[in-house]
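Undergrad: with the input below, show me the fold.
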Amino acid sequence: MEKIRNFCIIAHIDHGKSTIADRMMEITGTVSKREMKSQLLDSMDLEREKGITIKLAPVTMHWKGYTLNLIDTPGHVDFSYEVSRSLQAVETAVLVVDATQGIQAQTLANVYLALEQDLTIIPVINKVDLPAADVEGVAAQIINLLGCKREDIIEVSGKTGYNIDLILDKLIEVGGNVSAGAFRSAAARELAPSARGDGPDGRGPSGHIPPTRALIFDSYFDDYRGVVLYVRVFEGEIDKNSEILMMAAETKGLALEVGILTPKMTPKDSLKAGEIGYIVTNLKTTREAKVGDTVTLVKNPATEALPGYKNVLPFVYAGFFPVSNDQYKELKEAIEKLALSDSALQYAPENSPVLGFGLRIGFLGLLHMDIIKERLEREFGLDLIVTNPSTNYEVLLNTGEVIEIKSASDLPDMTEIAEIREPWVKGEIIVPREMIGNVLNLINEKRGHQTNLSYIENRAVIDFEAPMANLLTDFYDQLKSATSGYASFNYELNGYKAEDLVRVDFLVAGEKMDALSVMAHRTEAEAIGREVTKKLKEVIPRQNFEVALQAAIGARIIARETIGAYRKDVLVKIHTGDRDRKAKLLEKQKRGKARMKRFGKIDIPPEAFTVMLKRN
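TA: Next up, the predicted model:
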């Protein structure tokens, strides 16, 4: 137990977490030079291309007689629940800050998560070899944030491997000496930060082994082996072939194989208290073993689960439709496969008069949606139309019943509704001081309001609240434009508030398009109506007859654009100036166009359904 150190690396996106993990594996000899490649723990092609960690990955390393268990966590806000479970599985967090960018919004969010779990924090400044590095300025920001000493901060370069061994030495030193955890809370100092357990080998004071409790911090579905769990054992031990019980899901399974990751799966006879490893189970889907659940043994079950489990629910929804309806079955099968590995993914069939059959899918956030869309297109070769993302709303009916709707088209009749509540978020933006005005204007435009303003050295931290729906489409892009790319943004859900919301419908040639309907605040409805009808005019091709594009709230039309008809010159064959003949031909053409308007079908291109994604 005393020779085990469990830690994770936390940082903002692109501050060098995965690169530092690569160097650690090289230095400790976990991976040979021949097998080494950049971002080794990022297994997906998508992760490499985007330069972000999507799926967390654990690895066991050996250094100077100690076992070091690392969890490489995602940095993005969509996966903050996974990050919080990973932090619960470890005792120490290595906080990485980019020497060229300083502290960013997700750095702060992850530090708060680490402090909530009472972890020892080892501050590290990365990329010190770059010409633009401002090491002293960034060190001052870290001291301001953590209250540590300058000599506690380790300067490293993940690319060249400079000083990476100092981090490994510090992990061992901090784990053995409680007082070295300079900024742990008083309650946490009473626990030794080496792998926590009751006594030697996780036994209780009298030598008996307590009931087994292990935390699932990740799970995925393997096509050949079933569900694989990544766990941290807190008490007891899990042997190969033992019968296990997931306490929150109340499902039983078999531990067909247990072992550690180096980073390849290396089987062992058992996982003991303090160890981080994997369990290959006979389960068929990750819904039976969700992240944050507690694993115990059927023959000697624990009475109390580990704290912190919650059922993560999606709050961004979008309709996914295949371009050709022949691909609907393939889309359904593809989503079912992805859902085996991703317990947060929820879907239900949806039918649109224009787009045909598709699925309404729930995501944790926009990045999560982006990743699933790209995986469907790449791994399964599907051509997709994705409708505008929306969030879920709570609707209080006159009867007192509360229902949840996931798209505007599900809204009941307005006469039955007492109030509509929309989700609000608590956000945090870090921005250079001179750009505060631009950001506050943007927050006000989005119906948000600032709640707090504080400073870290030459940067401002703006806390605000805003409706989720207004941040869904292009808030991040507008924020980057308003601050020349210097701002960073982090948010979390903050409950539901009743607002004056209406459903805005869009009609093309008098036909209502349910897939285009949106929920909007009454004060913004007309502006959205005008904006979207203008956009639709650009993307819907001209027909041989005039097409009206309208936005409506109920029966009241609030905006209109007209797509002019193609005009065939029917007078070209008349060489005389006979007015009667001309009038006769024009009248005949007019009747033909009126008939065409009645029976003509308008071909609506896929782009029309994504006009809301990028409003500007």
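Undergrad: hey, let's count contacts and neighbours off CA atoms from now on
TA: Fine.
Undergrad: partners of the single longest strand found in the chain in the sheet?
TA: The residue-count maximum for a strand in the chain (DSSP state E) belongs to strand 417-432. Strand pairing for strand 417-432, using DSSP bridges, gives strand 393-397 (antiparallel), strand 459-467 (antiparallel), strand 488-499 (antiparallel).
Undergrad: what's the following helix or strand after the shortest one?
TA: The helix or strand immediately downstream of strand 393-397 is strand 402-405, counting by DSSP states H and E.
Undergrad: now that following strand: mean pLDDT?
TA: Taken as a whole, strand 402-405 has a mean pLDDT of 87.
Undergrad: same question, stretch 130-142
TA: pLDDT averaged over stretch 130-142 gives 87.
Undergrad: again, but for stretch 220-233
TA: 83.
Undergrad: now that stretch, how far from the centre of its chain.
TA: In terms of C-alpha atoms, centre = their mean, to the nearest Å, the gap separating the centre of stretch 220-233 from the centre of its chain is 21 Å.
Undergrad: list of residues touching that stretch?
TA: 58, 89, 212-219, 271-286, 289, 340-342 (C-alpha atoms under 8 Å, 6 or more residues apart in numbering).
Undergrad: okay, that stretch in CSV with CA atoms only?
TA: C-alpha atoms of stretch 220-233 as CSV (Å, rounded to 0.1, in the frame of the first residue of the first chain):
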residue,chain,number,x,y,z
TYR,A,220,-16.5,0.9,-22.4
PHE,A,221,-17.9,-1.9,-24.7
ASP,A,222,-15.4,-4.2,-26.4
ASP,A,223,-16.9,-6.0,-29.4
TYR,A,224,-15.1,-9.3,-28.5
ARG,A,225,-15.1,-9.2,-24.7
GLY,A,226,-18.1,-7.3,-23.5
VAL,A,227,-18.1,-4.4,-21.1
VAL,A,228,-14.7,-3.5,-19.6
LEU,A,229,-14.6,-1.5,-16.4
TYR,A,230,-11.8,0.8,-15.2
VAL,A,231,-11.9,0.7,-11.4
ARG,A,232,-10.0,2.0,-8.3
VAL,A,233,-10.2,-0.5,-5.5
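Undergrad: wait, L306 sits on L215?
TA: Yes - the pair L306 and L215 passes the contact test of C-alpha atoms under 8 Å, sitting 7.1 Å apart.
Undergrad: so for those two, which sits in the more crowded spot?
TA: Of the pair L306 and L215, L215 is the one with more neighbours under other C-alpha atoms under 10 Å, namely 27 against 17.
Undergrad: so what are the sheet partners of the helix or strand hosting that one and their directions?
TA: Assigned by DSSP H and E, L215 belongs to strand 213-222. The strands beside strand 213-222 in its sheet (DSSP bridges) come out as strand 226-235 (antiparallel), strand 294-297 (antiparallel).
Undergrad: please spell out which residues along that strand are buried.
TA: Across strand 213-222, burial judged by 16 or more other C-alpha atoms under 10 Å covers R213, A214, L215, I216, F217, D218, S219, Y220, F221.
Undergrad: distance of the closest residue to L166 other than its chain neighbours from L70?
TA: Leaving out its chain neighbours, the residue that sits closest to L166 by C-alpha to C-alpha, 6 or more residues apart in numbering is I154, at 7.4 Å. For I154, the distance to L70 (C-alpha to C-alpha, to the nearest Å) stands at 18 Å.
Undergrad: do you know the pLDDT at S185?
TA: Listed pLDDT for S185 reads 33.
Undergrad: same deal with A192?
TA: 34.
Undergrad: again with the one 4 residues further on
TA: pLDDT, the model's per-residue confidence, is 43 for R196.
Undergrad: also the one 10 residues further on?
TA: Here, the pLDDT recorded for S206 equals 47.
Undergrad: now do L442
TA: For L442, the predicted pLDDT is 90.
Undergrad: which secondary structure state is assigned to it?
TA: Going by DSSP: H, G, I helix; E, B strand; the rest coil, the secondary structure assigned to L442 is helix.
Undergrad: the nearest residue to it once chain neighbours are set aside: what's it in contact with?
TA: The shortest distance from L442 to any non-neighbouring residue, by C-alpha to C-alpha, 6+ apart, is to L479 (7.4 Å). Contacts for L479 (C-alpha under 8 Å, 6+ apart) come out as V439, L442, G485, A487.
Undergrad: who is the residue nearest to the last one when sequence neighbours are not counted paired with across the strands?
TA: In space, not counting the residues next to it along the chain, A487 is nearest to V431; the distance is 4.6 Å by C-alpha to C-alpha, 6+ apart. Each beta-bridge partner of V431 is listed here, defined by DSSP bridges: A460.
Undergrad: report the contact partners of V431.
TA: With contacts defined as C-alpha under 8 Å, 6+ apart, V431 is in contact with R459, A460, V461, I462, T483, Y486, A487, S488.
Undergrad: if I look at it, how far off is S488?
TA: From V431 to S488 the distance is 7 Å (C-alpha to C-alpha).
Undergrad: what's the answer for G137, then?
TA: Counting by C-alpha to C-alpha - G137 and S488 are separated by 18 Å.
Undergrad: who has more neighbours, these two?
TA: Taking other C-alpha under 10 Å, G137 and S488 do not tie; S488 has more neighbours (21 against 14).
Undergrad: test of understanding: give the bridge partners of the more buried one.
TA: I430.
Undergrad: in contact with it, which residues?
TA: So S488 contacts Q104, A105, Q106, I429, I430, V431 (C-alpha under 8 Å, 6+ apart).
Undergrad: for F357, state which of these is nearest.
TA: Proximity of these to F357 was ranked by C-alpha to C-alpha; the top entry is Q106 with 38.5 Å.
Undergrad: next, count neighbours for the closest one.
TA: By the criterion of other C-alpha under 10 Å, Q106 has 24 neighbours.
Undergrad: output the strands paired with strand 417-432 as a markdown table; include the columns distance to T262 and mean pLDDT.
TA: Below are the strands paired with strand 417-432 laid out as a markdown table (distance: least, C-alpha to C-alpha, whole Å; pLDDT from 0 to 100):
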| stretch | distance to T262 | mean pLDDT |
| --- | --- | --- |
| strand 393-397 | 45 | 88 |
| strand 459-467 | 40 | 88 |
| strand 488-499 | 33 | 82 |
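Undergrad: which of those strands sits closest to I557?
TA: Going by C-alpha to C-alpha, the one of the strands paired with strand 417-432 nearest I557 is strand 488-499, 21.8 Å.
Undergrad: may I see the buried residues of the closest one?
TA: S488, F489, N490, Y491, E492, Y496.
Undergrad: one more: stretch 502-512?
TA: Quick answer for stretch 502-512 (16+ other C-alpha under 10 Å): V502, R503, V504, D505, F506, L507, V508, A509, K512.
Undergrad: the third one and R522, how far apart?
TA: Meaning V504. 9 Å.
Undergrad: residues touching E394, list them.
TA: V402, I403, E404, I405, I420, R421, E422, Y496.
Undergrad: list buried residues within the contacts of L479.
TA: V439, L442, A487.
Undergrad: make a markdown table out of those residues and add distance to R378.
TA: Putting these into a markdown table (distance: C-alpha to C-alpha, whole Å) gives the following:
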| residue | distance to R378 |
| --- | --- |
| V439 | 37 |
| L442 | 35 |
| A487 | 32 |
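Undergrad: since that was my last question, I'll sign off now.
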